[in-house]
Every structure is written in C-alpha cells, then in structure tokens.
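Asks: Pasting the sequence and the predicted model now:
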Amino acid sequence: MAKLNVNIDHVATLRQQRLGREPSTFKAAKIVEASGAAGITIHLREDRRHIQDFDVYGIRKFIKTKLNLEMAVSRDVVAVALKVKPHWVTLVPEKRQELTTEGGLDVYGQKKKLKAIVKIFHEKKILVSMFVDPDQKQVKASAEIGADFIEIHTGTYADALTQTAVDKEFLKIKEAAVTAKLLGLRINAGHGLNYENVGRLRKLGIIEEFSIGHSIISEAIFTGLNTAVRKMIRLVK
Ligand code: PXP
C-alpha cells in the first residue's frame with residue numbers, strides 16, 4: 001500500500017508573503033500528521049523563499065512521522081541538513097528564477113560529486129533520495145552512486161495535455177520504476193500530482209510514497225473556507 005508524504009512549503013509561501021507568523025507550518029505539520037500522512041516534506045531553498053531554517057529545526061523537533069528535507073547540493077543547505085538530521089533528504093536541482101522545481105537532477109552528469117554527498121549523509125545515518133526524471137540513465141546512475149531512493153519526477157506526466165502524451169509519460173514512469181526496483185532502489189514519486197492523476201500511478205504497485213503538496217493545500221482552501229468564514233462571522237456579529 002502506497003503512503004502519502006505531504007509537502008507543506010505552500011503554507012510557508014503564504015506566510016512569507018507578509019513575513020509574519022500566519023499560517024504556521026508547525027500547525028500544518030501537526031494537522032498533516034494527525035490526518036494520517038506518513039510524513040512531511042519541506043524544501044529549504046537556497047533563496048529561503050518559503051521554508052526558513054527555523055521551520056526545519058522546529059518541525060524536526062516534534063515530528064512523530066518522517067521528515068523528508070528537499071534540498072539542492074549547496075554548502076549552506078547541506079550544513080543545515082547535517083545538523084537537523086531529517087529521516088531522509090531528497091536532492092533536487094534548483095534554479096533561482098523558477099516558480100517551482102522544474103525537472104529532475106542530472107545524477108548521471110554529476111556522479112562523482114553526488115556519490116561523495118551520499119557518503120556524507122550515510123555517515124550521519126540519513127537516507128538519500130534522488131529526484132530524477134523518468135529516464136533510465138538517471139535511474140541507473142542513482143543506483144551506482146549508492147542512493148537509497150529515487151523520487152520520480154511526475155511533473156511532465158501531470159502537465160501532459162493530450163491522452164497520448166499522458167500515456168507516453170506514464171509509460172516512462174512505469175519503466176523507470178521497474179528498473180529502479182530491479183536495481184534495489186526504493187521508489188517515491190511526486191510533483192504536480194493531484195486527485196485525478198495519482199490513481200493510475202498508485203496502481204503500478206511499486207511506488208512506496210507519493211510526495212504531494214500543491215493540490216492538497218489547494219483543496220484544503222475549499223474544504224476549510226466554510227468553517228473559517230463561519231468562525232469569523234461569530235466573532236464580528
Ligand atoms: N517533490 C519534489 C522534489 C518537489 O520539488 C515538489 C514541489 O516542491 C513536490 C514533490 C511536490 O509537488 P507539488 O507541490 O506539485 O505536489
């Protein structure tokens with residue numbers, strides 16, 4: 001049975017718009033755990049546009065499930081990760097100007113550097129996942145450098161506009177997952193997944209955990225708006 005890991009960066013994005021305290025990522029993480037998710041994902045970006053260092057340290061302290069820290073291989077963020085010791089880190093590429101992560105990490109092209117990073121995390125007993133496109137070359141390279149997991153980038157599948165394109169991307173994910181399994185990697189998947197497109201991937205039966213953020217937080221606005229408005233009406237009446 002696949003598990004859900006909820007990415008709460010989007011809560012921090014809203015908070016950072018006002019540079020205030022609301023909405024609280026701690027409160028969000030507690031509700032996510034209480035709702036049955038298997039873990040929390042946060043992405044400490046180099047530009048700190050949403051998650052801040054105090055979010056990472058704070059959430060790590062009280063989390064009862066598992067913390068997945070997404071991060072680029074930058075000196076400053078690696079230092080935070082080694083101090084915080086999340087259950088696992090997911091290495092992602094990062095571009096300053098992008099709205100969100102735009103694609104998988106080029107593991108194949110950076111094998112030497114990434115193998116050394118994996119070793120550093122393993123020495124601290126932190127598992128390592130590589131966020132990769134559903135590309136055989138990248139999956140094989142992830143196994144070669146000793147990664148524990150891959151997280152298959154599902155963004156292209158999620159954004160595909162025609163059924164033919166969706167099917168083509170689905171097949172790539174399936175083939176990447178099968179190869180990863182044969183190589184002994186554990187398999188997660190995420191990016192752009194929503195209530196409509198996740199089911200087909202779940203049915204593959206070999207994806208351990210789905211990392212989903214945007215669609216859950218979007219849905220939460222509408223499932224929670226009614227209660228929030230009623231609560232304020234009681235106070236202003
Ligand atoms: N996995 C990775 C590596 C990501 O960068 C993101 C977005 O921060 C997600 C999963 C979650 O994507 P979404 O917010 O589209 O569900």
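Replies: Noted; the coordinates are in hand.

Asks: Would you tell me which helix is longest in this protein?
Replies: Longest helix of the chain, by residue count under DSSP state H: helix 214-236.

Asks: could you say what helices and strands it packs with?
Replies: Helix 214-236 sits against helix 9-18, with contacts defined as 3 or more C-beta pairs under 8 Å, 6 or more residues apart in numbering; DSSP states H and E. The way it works is simple: take the backbone N, C-alpha and C, and place the C-beta from them, glycine included.

Asks: Stretch 123-133 near the ligand at all?
Replies: Yes: part of stretch 123-133 sits near the ligand under the criterion C-beta under 6 Å from any ligand atom, namely residue 131.

Asks: And that stretch, what's buried?
Replies: If you call a residue buried by 16 or more other C-beta atoms under 10 Å, then stretch 123-133 has these buried ones: 126-133.

Asks: can you count the residues close to the spatially closest residue to residue 8 that is not a sequence neighbour?
Replies: Nearest non-adjacent residue to residue 8, counting by C-beta to C-beta, 6 or more residues apart in numbering: residue 28, 4.7 Å away. For residue 28, the neighbour count with other C-beta atoms under 10 Å is 22.

Asks: again, but for residue 6
Replies: Residue 6 has 26 nearby residues by other C-beta under 10 Å.

Asks: State the mean pLDDT of the longest helix of the chain.
Replies: For helix 214-236, mean pLDDT rounds to 97.

Asks: ok, now stretch 139-151?
Replies: Across stretch 139-151, pLDDT averages out at 98.

Asks: residue boundaries of the helices in the protein?
Replies: Under DSSP H, the chain gives helices at 9-18, 25-34, 53-62, 75-84, 111-123, 136-144, 155-159, 163-182, 198-202, 214-236.

Asks: from memory the residue nearest to residue 8 sits against residue 11, does it?
Replies: Yes: the pair formed by residue 28 and residue 11 meets the contact definition of C-beta atoms under 8 Å, at 4.4 Å.

Asks: what does the chain put close to the ligand?
Replies: So far as C-beta under 6 Å from any ligand atom goes, the chain lies against the ligand at 7, 9, 43, 70, 90, 92, 100-101, 131, 151, 190-193, 211-215.

Asks: now do 8 Å
Replies: 7, 9-10, 41, 43, 70, 90, 92, 100-101, 131, 151, 153, 155, 158, 190-194, 211-217 (C-beta under 8 Å from any ligand atom).

Asks: ok, the closest residue to residue 13 other than its chain neighbours - contacts?
Replies: Among residues not flanking residue 13 along the chain, residue 50 sits closest, at 4.3 Å (C-beta to C-beta, 6+ apart). Going by C-beta atoms under 8 Å, 6 or more residues apart in numbering, residue 50 touches 9-10, 12-13, 15-16, 43.

Asks: Phi first, then psi, for the closest residue to residue 46 other than its chain neighbours.
Replies: Using C-beta to C-beta, 6+ apart and skipping the chain neighbours, the partner closest in space to residue 46 is residue 74 (5.2 Å). The phi/psi pair for residue 74 (degrees, to the nearest 10) reads phi -120, psi 140.
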